[in-house]
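**Student:** Show me how the following folds:
(6 chains)
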Protein chains: 6
Amino acid sequence: MHLRVINPTTTTSWVPDTLAMFEDAASDGTTVTVATIPAGTPSIESRRDEALVTPWVLRAAQAADAEGCDAIAVDCMLDPGVHAAREVVGIPVLGPCEASMHLAATLGHRFSVISVAEHHRDLMIDQARRYGVEPRLASVRSLQIPVLELEDDPDATFRTMVARAREAVQHDHAQAIVLGCTGLAGQAAQVQSALEAEGIGVPVIDPSAAATRMLETIVAMGLAGSLITYPRRSGATSAWPEPLTRH
Amino acid sequence: MHLRVINPTTTTSWVPDTLAMFEDAASDGTTVTVATIPAGTPSIESRRDEALVTPWVLRAAQAADAEGCDAIAVDCMLDPGVHAAREVVGIPVLGPCEASMHLAATLGHRFSVISVAEHHRDLMIDQARRYGVEPRLASVRSLQIPVLELEDDPDATFRTMVARAREAVQHDHAQAIVLGCTGLAGQAAQVQSALEAEGIGVPVIDPSAAATRMLETIVAMGLAGSLITYPRRSGATSAWPEPLTRH
Amino acid sequence: MHLRVINPTTTTSWVPDTLAMFEDAASDGTTVTVATIPAGTPSIESRRDEALVTPWVLRAAQAADAEGCDAIAVDCMLDPGVHAAREVVGIPVLGPCEASMHLAATLGHRFSVISVAEHHRDLMIDQARRYGVEPRLASVRSLQIPVLELEDDPDATFRTMVARAREAVQHDHAQAIVLGCTGLAGQAAQVQSALEAEGIGVPVIDPSAAATRMLETIVAMGLAGSLITYPRRSGATSAWPEPLTRH
Amino acid sequence: MHLRVINPTTTTSWVPDTLAMFEDAASDGTTVTVATIPAGTPSIESRRDEALVTPWVLRAAQAADAEGCDAIAVDCMLDPGVHAAREVVGIPVLGPCEASMHLAATLGHRFSVISVAEHHRDLMIDQARRYGVEPRLASVRSLQIPVLELEDDPDATFRTMVARAREAVQHDHAQAIVLGCTGLAGQAAQVQSALEAEGIGVPVIDPSAAATRMLETIVAMGLAGSLITYPRRSGATSAWPEPLTRH
Amino acid sequence: MHLRVINPTTTTSWVPDTLAMFEDAASDGTTVTVATIPAGTPSIESRRDEALVTPWVLRAAQAADAEGCDAIAVDCMLDPGVHAAREVVGIPVLGPCEASMHLAATLGHRFSVISVAEHHRDLMIDQARRYGVEPRLASVRSLQIPVLELEDDPDATFRTMVARAREAVQHDHAQAIVLGCTGLAGQAAQVQSALEAEGIGVPVIDPSAAATRMLETIVAMGLAGSLITYPRRSGATSAWPEPLTRH
Amino acid sequence: MHLRVINPTTTTSWVPDTLAMFEDAASDGTTVTVATIPAGTPSIESRRDEALVTPWVLRAAQAADAEGCDAIAVDCMLDPGVHAAREVVGIPVLGPCEASMHLAATLGHRFSVISVAEHHRDLMIDQARRYGVEPRLASVRSLQIPVLELEDDPDATFRTMVARAREAVQHDHAQAIVLGCTGLAGQAAQVQSALEAEGIGVPVIDPSAAATRMLETIVAMGLAGSLITYPRRSGATSAWPEPLTRH
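**Tutor:** Predicted structure coming up:
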């Protein structure tokens, strides 16, 4: 199948990593392509950012559908535009947060999300509540490093991830860890090993991989978003706001 | 105070009614002005529509702030852009859904929302969950009339509103009613009287009026959205996507 | 409108402050009068106290109704007699707790209540649960000062309020603060400023003001408690227990 | 042990039945006495009634404690004054609602309460929420017969109880039944048999018996209400309102 | 990978279908083998049955682990022994209920489970609660056909499945369907098509396929059950009860 | 009545204590006998152990029923086999966890469970959720002593119990304590006194005593598990796995 990953930010520098990460996560039969939105914000760190990138994500979703992709992943833990996109395309659309929270719930009694900035806590709690798994959310702990600086000192970022995961286990009774920023993804295995080396045997989930695999599952099973929950929008194009159409 | 009402749709035909309705609801000291977004969708009936209008709502919110307005109401039961807007302006921003659901909770044991279309049910349930009052939500019943046709046969619409409210009381144990579409607002008093005439004494809440009054309250008390929940976005303008800036 | 504030204690010393506080909070068109119950307890610090003052609050509510008042606020965070009073009078009755908890929920993701005594915690948690906003309650922290000593050292009381609010923000992730004792009310603005001076930008809510404004809203909107939730009690007077009637 | 049953109404006609019912439910070692409050309301059908009888219940509780009783049951499904009474006496105090809801939760997956009047529904739902067993409450169905007329046509009342229980099982998936009015108590066994005769094998719980037995358990185990939840009120007597002391 | 499917019943007649079904659901790289437990009950229709088969499931899990399987699926919607098995083997173990409920939650706002017998309702509700997705469970509707008779009249069984799914959508607001008995699995696609033909566009989930794919995901991501939630049991063999060892 | 206590482990050394403890807790009219299962695990510290002992508990329950016992208590806080047993015998079956959690909920606002090992936390939380009293669970704190070493240094065990209870009260706002391991039972009164001596007035509940007394209540009231929740299994014996029948 052809998986289209939408990079819902205007930052193209991490596209190669994103592509590698998703290709890594995908099965042999899956082709991965990444599309970056033409306008929006360089990163998504707030409700405002989410609001500004969402129309472009819908646009990118329609493009992916038109190009014959089989499924769409939106590469951000806020799952920006994921549920709205289900109304504009017929193919499955999923985000890393929804996928990883449900997967985490099957691996441990309660899980913690390691987010980037402190104020992401509420957003993650609201996601968990919306997805129905809040009773399984142990805590949200943050690196307190701006998304765009995550890669400035990778070692420090890594050590901080491990530290936050350890705190979540020791203080919040977390029993599984979700790396709550796709910018952190691709490192789940190393974090898991680092914790294991300390005698902390918890699964550490890479949200992008979770989304990739769950989308493969949905496609393989011939499923898609419910048309009752996500009725297809008629007159979509005509209703589209002018400024957004050109691009 | 100066209340700016944002009409989050491109339909200008109902602006006069909207203005009258909010002026009606406001205290003497309050001036009301309505701003319609320059692009988006003619009505908001889905997640997609919500996504498409939101950036324009943020723009309109910034404009209202720049013009010296004291508070902003976004005139739609999905409260589109309300929470994101709190990150881009310093003045209070509120939507009719959040305001009316909390007000309804103080008037009866459980309340029902009379929405327009059937698929609004989920959206209203999610709002109630997000706002923390879900235990007080008895049900969501819908007119099953497209928003844009609500005014084609006002009498039929009115009779249907009363019928749905009656059903909510008789079958779902609703004890208060929220008119779940701002297109229905302004008629709460009549619906309440019609029910009262049948011996059904339940408060019927006009969400626009609830938002207006609650905003007056917030301003009068010198309050605003928490800066922890809604941190002001630095670099807002520079980060703004090109296509949205012209307007 | 004429707002009757019921002081549900036998302590008259704080009536002047109460009156000033509510007049401060009220709109221009609102007249405020305060009535103290003739018997009960000097303060309300327990379920027993609440039980003992409630019949007198109902009495005072009937008197207010008979005198033509338009709305009634019961000046205590336990909202003593508020819901029972809705069964004996036709005018709106509201308490500071119900009003402030719902208002707080619209301003921040979670709020904390600063109560007076440690054992008020349960009572506040039960209120939040009953009002349906428990998911939004971050914590209850107490001054641990007896109500009647609150005014002995106002500065110490103030500093303690600020300290508790700070702790709620820093340790419990509170994002809005409710001053959980009407004896503390009137100082919300100063507490908010003190926190702001420390770089903590959270709204601090004066429960009495919240009740005042929300009652003005309910009256202005032509609403009142649901007659299904609060059926008017027939034969009220005849059923009234002897000892309570004389007064 | 000596169990004091407080009849929290001014209606003495049902005292003989009450006494018989509790004696029936009690173990051999238990002596039962009934005390009727000197003032209040003839029955408790609303929040107002509950408020008016509660101070007298506290008085009666103090009297029972002074007379050396070992435990107190307040004979009404609203458990009026039960929790406040725990602050004024050292002996265990329990109500039929709290006792029967917890017992019902141990016998079936979900239980329904058969209440008397329609508007008792909210009160029962609030009780279940307060007691923490709401997830186990299937429904509340009402006889829609005024408390004081329950005994006018015992057969009709009985048939209605059975019908409501049957409806709760068939329509609400109830698997255990609580007779939600102490006026109905003493008939649980017959209702259970009548349902069994129809092939409906559900336990039917007599709330008064549940309270009696659970109080015997609490006494036998040397337990009592938590002093943290129910701190003993110092200065109780002095604080007592004048009009209530004479009696 | 090698997926071992444990048939947790003593009925071998459906093994060929089970094998075909899981092979159908699996990716190319996956080998499927089925093991039937040597003793237990012919089907699992109650808590007793679940209790009786569980030790044998643990035994079968140990055998699969010893044989070098990569993952284990227990083929029953009650997920019998799944969580206990995670304590005795190092490889991932999953059941169709946990897998399908989480998958369903990502496809629609609320889902319904079509179970076999009426009394499975509670068991499914408890599963949803335990798995943390209860807020997303719309209802449980049952075929009311004994498991062992499901294949007597396949057409009738199929028509009943479709009818129950339709009722769940129309009466319970279900937006996704889980076929709540593995005996029904393999027919999800047909049920989905039959509903689609009626204009009901809801995803219908085959729980066995969901478990297969989710296990492939867990293995591919290098994950396994949390060692904090499922600590490996030391001395397992020695502690094993005699009668169970021989086999 | 004749109460049969099932010791769901293969450890007979604590049978005398168990018998004494239950006889202590029982009323005069009650005869207590203890039966130890013939195979299983020496203690129950995991889901695996629970799974392995459960069939033997069902066997022991059938034996008790056949011997004419009136009620059955399974002496372990995980209530192993309790709910399945209700399907195989007609007499009431109860476990110490279900009994003590419901009793605790009637004595304090929130209760904590003092469990033995750290990993019991999840199991206790799941029990509280299943029993519907999770909102009343303050915390689970563990002694971190293996069950089989509990009696090696009784004083140290006792001091640790008191310390954990104190921590639960001081840090988790617990207001009642449940001794979460039947191995700790019989000491509730001493722990309660020790805390009282420190000025901490919380009820400390012995789960075995709670089960004993609640079973006496259920029998005295002529109740038993709902036949809808726990339908009697026909063909039980024939379906019974061979290895389990001999014994």
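
**Student:** tell me the domain boundaries of chain A?
**Tutor:** Domains of chain A are assigned by automatic domain parsing as A:2-95+A:209-246, A:97-207.

**Student:** In a markdown table, list those along with mean pLDDT.
**Tutor:** Shown next, in a markdown table, are these (pLDDT from 0 to 100):
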| stretch | mean pLDDT |
| --- | --- |
| domain A:2-95+A:209-246 | 89 |
| domain A:97-207 | 91 |
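
**Student:** Throw these into a markdown table and include distance to chain B, thanks.
**Tutor:** Just so you know, the C-beta spots here come from the backbone N, C-alpha and C atoms, and that holds for glycine as well. Formatted as a markdown table, the domains of chain A follow (distance: least, CB to the nearest CB, whole Å):
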| stretch | distance to chain B |
| --- | --- |
| domain A:2-95+A:209-246 | 3 |
| domain A:97-207 | 5 |
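
**Student:** Are we agreed that A:Leu223 is in a helix?
**Tutor:** No - counting by DSSP: H, G, I helix; E, B strand; the rest coil, A:Leu223 is not part of a helix but coil.

**Student:** What lies in contact with stretch A:27-34?
**Tutor:** Residues outside stretch A:27-34 that contact it (CB atoms under 8 Å, 6 or more residues apart in numbering or on different chains) are A:1-7, A:15, A:18-19, A:22-23, A:26, A:69, A:75, A:212-213, A:216, E:27-29, E:220.

**Student:** How far does that stretch sit from its chain's centre?
**Tutor:** How far stretch A:27-34 lies from its chain's middle: 17 Å, per CA atoms, centre = their mean, to the nearest Å.

**Student:** So which bits of it are buried?
**Tutor:** For stretch A:27-34, the neighbour count (16 or more other CB atoms under 10 Å in any protein chain shown) marks A:Ser27, A:Thr30, A:Val32, A:Val34 as buried.

**Student:** can you check stretch A:66-80 too?
**Tutor:** Across stretch A:66-80, burial judged by 16+ other CB under 10 Å covers A:Cys69, A:Asp70, A:Ala71, A:Ile72, A:Ala73, A:Val74, A:Asp75, A:Cys76, A:Met77, A:Leu78, A:Asp79, A:Pro80.

**Student:** again, but for stretch A:168-179
**Tutor:** For stretch A:168-179, the neighbour count (16+ other CB under 10 Å) marks A:Ala168, A:Val169, A:Asp172, A:His173, A:Ala174, A:Gln175, A:Ala176, A:Ile177, A:Val178, A:Leu179 as buried.

**Student:** what's the most distant pair in these?
**Tutor:** Pairwise distances across the buried residues of stretch A:168-179 (CB to CB) peak at 18.6 Å, for the pair A:His173 and A:Leu179.

**Student:** excluding its backbone neighbours, what's nearest the most centrally placed residue in chain A?
**Tutor:** In chain A, the centroid-proximal residue (CA atoms, centre = their mean) is A:Pro96; its distance is 2.7 Å. Excluding its sequence neighbours, the residue lying closest to A:Pro96 (CB to CB, 6 or more residues apart in numbering or on different chains) is A:Pro207, at 3.2 Å.

**Student:** What distance do you get for A:Ile37 to chain D?
**Tutor:** 43 Å (CB to the nearest CB, to the nearest Å).

**Student:** still on that earlier bit, take the buried residues of stretch A:168-179 and keep only those in strands.
**Tutor:** The strands, defined by DSSP state E, take in A:Ala176, A:Ile177, A:Val178, A:Leu179 from the buried residues of stretch A:168-179.

**Student:** Thought A:Ile205 was touching the first one, still the case?
**Tutor:** Yes - the pair A:Ala176 and A:Ile205 passes the contact test of CB atoms under 8 Å, sitting 6.8 Å apart.

**Student:** Quickly list what's touching both of those two.
**Tutor:** Common neighbours of A:Ala176 and A:Ile205 (criterion: CB under 8 Å, 6+ apart): A:Ala104, A:Leu107, A:Phe111.

**Student:** Which of those fall in strands?
**Tutor:** In strands, judged by DSSP E, the following of those are found: A:Phe111.

**Student:** Which among the shared contacts of A:Ala176 and A:Ile205 count as buried?
**Tutor:** Buried by 16+ other CB under 10 Å: A:Ala104, A:Leu107, A:Phe111, out of the shared contacts of A:Ala176 and A:Ile205.

**Student:** Who are the packing partners of the helix or strand where A:Arg4 lies?
**Tutor:** Using DSSP states H and E, A:Arg4 sits within strand A:2-7. For strand A:2-7, the packing partners by 3 or more CB pairs under 8 Å, 6 or more residues apart in numbering or on different chains; DSSP states H and E come out as helix A:15-25, strand A:31-36, helix A:47-66, strand A:71-74, helix A:207-220.

**Student:** Tell me which of those lies nearest to B:Val140.
**Tutor:** Among the helices and strands packed on strand A:2-7, helix A:47-66 comes nearest to B:Val140, with 24.4 Å by CB to CB.

**Student:** Please work out the residue of chain A nearest to chain C and name it.
**Tutor:** With CB to the nearest CB as the measure, A:Asp122 is the residue of chain A nearest to chain C, at 4.2 Å.

**Student:** ok, that residue touching B:Tyr230?
**Tutor:** No - between A:Asp122 and B:Tyr230 there is no contact under CB under 8 Å: 9.5 Å.

**Student:** So which of those two has more stuff around it?
**Tutor:** Neighbour comparison, A:Asp122 and B:Tyr230: the larger count goes to B:Tyr230, with 27 against 21 (by other CB atoms under 10 Å in any protein chain shown).

**Student:** how much space between the nearest residue to that one once chain neighbours are set aside and A:Val32?
**Tutor:** Once flanking residues are discounted, B:Tyr230 sits nearest to B:Arg86: 3.8 Å by CB to CB, 6+ apart. B:Arg86 sits 37 Å away from A:Val32, going by CB to CB, to the nearest Å.

**Student:** What of A:Leu107?
**Tutor:** 25 Å.

**Student:** picking up where we left off before, which of the buried ones among the shared contacts of A:Ala176 and A:Ile205 lies closest to B:Asp155?
**Tutor:** A:Ala104 (53.1 Å).

**Student:** residues of the helix or strand harbouring A:Glu196 that come out buried?
**Tutor:** Following DSSP H and E, one finds A:Glu196 within helix A:188-197. For helix A:188-197, burial by neighbour count (16+ other CB under 10 Å) applies to A:Ala188, A:Val191, A:Gln192, A:Ala194, A:Leu195.

**Student:** Check stretch A:105-118 too.
**Tutor:** By neighbour count on 16+ other CB under 10 Å, the buried set for stretch A:105-118 is A:105-117.

**Student:** just stretch A:13-29 next, same as before
**Tutor:** Using 16+ other CB under 10 Å as the test for burial, stretch A:13-29 gives A:Trp14, A:Val15, A:Thr18, A:Met21, A:Phe22, A:Glu23, A:Ala25, A:Ala26, A:Ser27.

**Student:** Next, the contact list for the second one, please.
**Tutor:** In this case it means A:Val15. A:Val15 makes contact with A:Asn7, A:Val34, A:Thr36, according to CB under 8 Å, 6+ apart.
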